[in-house]
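Give me a model of this one.
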Amino acid sequence: MKAPQAPTQFNKLFEQIIAKKRLPKVFQLANQLPADRDYPHWDQLRRKPAPNGFSHEEWWVALKMKRKAAYRTTPLCDKDETPFVYFIPDNVQELLHEIDFGGGGFIGMPDPVTNPQNRDRYIISSLIQEAITSSQLEGAVTTREVAKEMIKTGRAPRDRSEQMILNNYATMQKIIQIKEQEMSPELLFDIHRSVTRETLDNPDAAGRLRNLNEQVRVMDNEGEIYHTPPSAIELPERLQQMCRFANGETPDQFIPPVVRAVLLHFWLAYDHPFVDGNGRTARALFYWCMLRNKFWLFEFVSISNILVKAPVQYARSFLYTETDENDLNYFILYQMDVIHRAICALHEYIDRKQQELSETAGNLRSLKNFNHRQQTLLTHALRHPAQEYTIASHQRSHAVAYATARSDLLELAEQKLLTERKRGRAIIFEAMSDLNARLKKYR
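Below is the predicted model of the structure:
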């Protein structure tokens, strides 16, 4: 990815405009500019046709004057102690409304995620999805099928990529459990240890801040440096400031909870306090903040599934902020769109699954002798006749005790709907080849 061209310093451009006696015209242009919905960076704006009678630099200054008038400072400062700034433009307000409506309350929520019988299954599916795609953003290489098989069967990871995925899965489960706890350095270190377990070249680096002799840079595959984080000397104090922000103690003005979660994501990524695992920890911190602020649907939403489809845009949103006077709106706007798309993707996924269930409802409508977990397995088996099931995979899919999962599968085998065979110490269950015909007797 090519680094974006940074704009000339605003004060320098402003002085040039004054010297050319163009300031009244630029003020007039600023007043005429429409709402800044696209929020272009200079690197984008310079490629577009400028308004008639104005240079690109004058257009940029007019745009920046409107933005600067609305800026609010944050407790996060860069390495030169200059605060990062933001404001909430109209399109962010609209997205916040959509996210507030779709991510917190039960109004309009699909029945599968409010129905206790299905809730656990959808949580498990979401955790697996987020674990895989968050790891892929950090370089993990494996197929989703293999990763799902590893998590559901409980087998040990075969390589670092699989270990990263398993760690992310365990971390997402941990986030759900600790969502009511206040953020502290100790809790963040615990999250980092969970994310990086058995994946670091130096195992001692897990759950601690990087030290002075551990130089960290954010760069591309060709060695171009995009970001140099603050010195390790500053990290203890910066971490304390971040925790106070995470817990809502700073700043004095109100920040919408979703924006606060997004800014936490940026803050940890900017500071890069750990030797490795910063991106995964930043996204885990985002989830903690969302769930802590009662956006319960985020137990089911995967933002990394959206981010992994366009990793360059994700990286560019960081660079736009750093190269334009610490303007966080580039990152906020991008993340708001990602969150909104992730919520929409969840609804689409649930609609698709409901449609699949309705297509096989004729086979299952009269299965009064089977519980909802067994019905789910039989529905899946009808669509995937070659699928293998184990007690461990069934247990993980539905978040139930081992004895419950064992009883479910053995009962289906006794009813001659599943076959069972040994593979080592595990019992493998498969659907009967004529499962559809066998189900007819239960109608």
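
The closest residue to Asp100 other than its chain neighbours and Ala315, how far apart?
Setting aside the residues directly before and after it, Asp100 is nearest to Val258 in space (CB to CB, 6 or more residues apart in numbering), at 7.4 Å. For glycine as for every other residue, the C-beta is placed from the backbone atoms N, C-alpha and C. Distance, Val258 to Ala315, using CB to CB, to the nearest Å: 22 Å.

Name the residue in those two with the higher neighbour count.
Neighbours were counted for Val258 and for Ala315 using other CB atoms under 10 Å; Val258 has more, 25 against 18.

Could you report the pLDDT at the closest residue in space to Pro230 that isn't next to it in sequence?
With CB to CB, 6+ apart as the criterion, Pro230 has its nearest non-adjacent residue at 5.1 Å, and that residue is Lys79. Note for Lys79: predicted pLDDT of 94.

ok, Lys79 touching Ile233?
No. Using CB atoms under 8 Å, Lys79 makes no contact with Ile233, being 11.3 Å away.

Report pLDDT for Gly103.
For Gly103, the pLDDT comes out at 59.

right, I mislabeled it, should have said Met172
On the pLDDT scale, Met172 is placed at 93.

Please point out which parts of the helix or strand hosting it sit buried.
Using DSSP states H and E, Met172 sits in helix 160-178. The neighbour-count check on helix 160-178 (16 or more other CB atoms under 10 Å) flags 161-175, 178 as buried.

Closest to Lys66 out of those?
Nearest to Lys66 among those, counting by CB to CB, is Ile175 at 38.3 Å.

Looking at the longest helix along the chain now, give me its mean pLDDT.
Criterion DSSP state H: the longest helix present in the chain is helix 329-359. For helix 329-359, mean pLDDT rounds to 85.

could you pull out the helices for the stretch 251-400 of the chain?
Counting by DSSP state H, counting those that start in this stretch, residue ranges of the helices within the stretch 251-400 of the chain are 257-271, 278-292, 304-307, 311-323, 329-359, 361-364, 372-383, 391-398.

oh sorry, the question was meant for the stretch 1-150 of the chain
For the stretch 1-150 of the chain, the helices defined by DSSP H, counting those that start in this stretch occupy 10-19, 23-32, 42-45, 56-70, 90-103, 111-114, 116-137, 144-153.

Which residues are in contact with Ile165?
For Ile165, the contact set (CB atoms under 8 Å, 6 or more residues apart in numbering) comprises 131-132, 135, 140, 142, 147, 150-151, 157.

try 10 Å this time
Contacts for Ile165 (CB atoms under 10 Å, 6 or more residues apart in numbering) come out as 128, 131-136, 140, 142, 144, 146-148, 150-151, 157.

next one: phi and psi at the residue most central in space within the chain?
Centroid-nearest residue in the chain: Ile303, 3.1 Å away (criterion: CA atoms, centre = their mean). The phi and psi values for Ile303, taken as degrees, to the nearest 10, are phi -80, psi -30.

residues contacting it?
By CB under 10 Å, 6+ apart, the residues touching Ile303 are 130, 133-134, 265, 283, 286-287, 290, 335, 338-339, 341-343, 345.

and with 8 Å instead?
Going by CB under 8 Å, 6+ apart, Ile303 touches 130, 283, 286, 335, 338-339, 342.
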